[in-house]
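[1] any chance you can model this:
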Amino acid sequence: MSGPDEEENPEPAAPPIRMTAAAAEEVYGAAAERTALAWQRTGLAIMVGCFVIFVASVRLSTFPIGVAAAALGMLVAASSVVGLHGDRYLRRGPAAGSWPPLVTVGASVTALGVLAAVASSLPLFY
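    Coordinates of the predicted model:
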């Protein structure tokens, strides 16, 4: 006996659809560009965070933290401009390997969080 949610005669699975190269280009054509733009937006967000920490550290007179934040921001800007994920990514496509940009962005976000934590905790001790 079957319930109202069960099917008595399930349909067989459909065979996989095979795409031609032209159809794949039409469907996935802008994927590399969208991914590159996403990496650039992430880099820009990290640079803005570094600038905010730099300004806060200058106002709190914790200059070493501000210098470290500015250096991190310049490093991320350089990697965005030089091509960690720029034209090279667009030419070779998504198979170019996304680990280097992912590791760079992950390390930058982690360093930004550490800098923010140190910058915000230093005034407690002075």
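[2] need the CA coordinates for stretch 30-40. PDB is fine.
    Coordinates of each C-alpha in stretch 30-40 appear next as PDB, following Å, rounded to 0.1, in the frame of the first residue of the first chain:
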ATOM      1  CA  ALA A  30      30.800  34.700 -18.500                       C
ATOM      2  CA  ALA A  31      31.600  32.400 -15.500                       C
ATOM      3  CA  ALA A  32      35.300  33.300 -15.600                       C
ATOM      4  CA  GLU A  33      34.600  37.000 -15.800                       C
ATOM      5  CA  ARG A  34      32.200  36.800 -12.900                       C
ATOM      6  CA  THR A  35      34.700  34.800 -10.800                       C
ATOM      7  CA  ALA A  36      37.500  37.300 -11.500                       C
ATOM      8  CA  LEU A  37      35.200  40.200 -10.500                       C
ATOM      9  CA  ALA A  38      34.300  38.400  -7.300                       C
ATOM     10  CA  TRP A  39      38.000  38.000  -6.400                       C
ATOM     11  CA  GLN A  40      38.500  41.700  -7.200                       C
END
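[3] just use 20 as the starting number from now, easier for me
    With 20 as the first residue, the last one maps to stretch 49-59.
[4] mind listing what's buried in it?
    A51, T54, A55, W58 (16 or more other C-beta atoms under 10 Å). Yep, even glycine has a C-beta here, placed from its N, CA and C like the rest.
[5] mind checking the longest helix of the protein?
    In the chain, assigned by DSSP state H, the helix with the most residues is helix 50-78.
[6] lowest confidence element among the helices and strands of the chain?
    helix 106-111 (a mean of 54; mean pLDDT, DSSP states H and E).
[7] tell me which element the spatially closest residue to S76 that is not a sequence neighbour is part of?
    With C-beta to C-beta, 6 or more residues apart in numbering as the criterion, S76 has its nearest non-adjacent residue at 3.5 Å, and that residue is G85. In the assignment (DSSP states H and E), G85 maps to helix 82-101.
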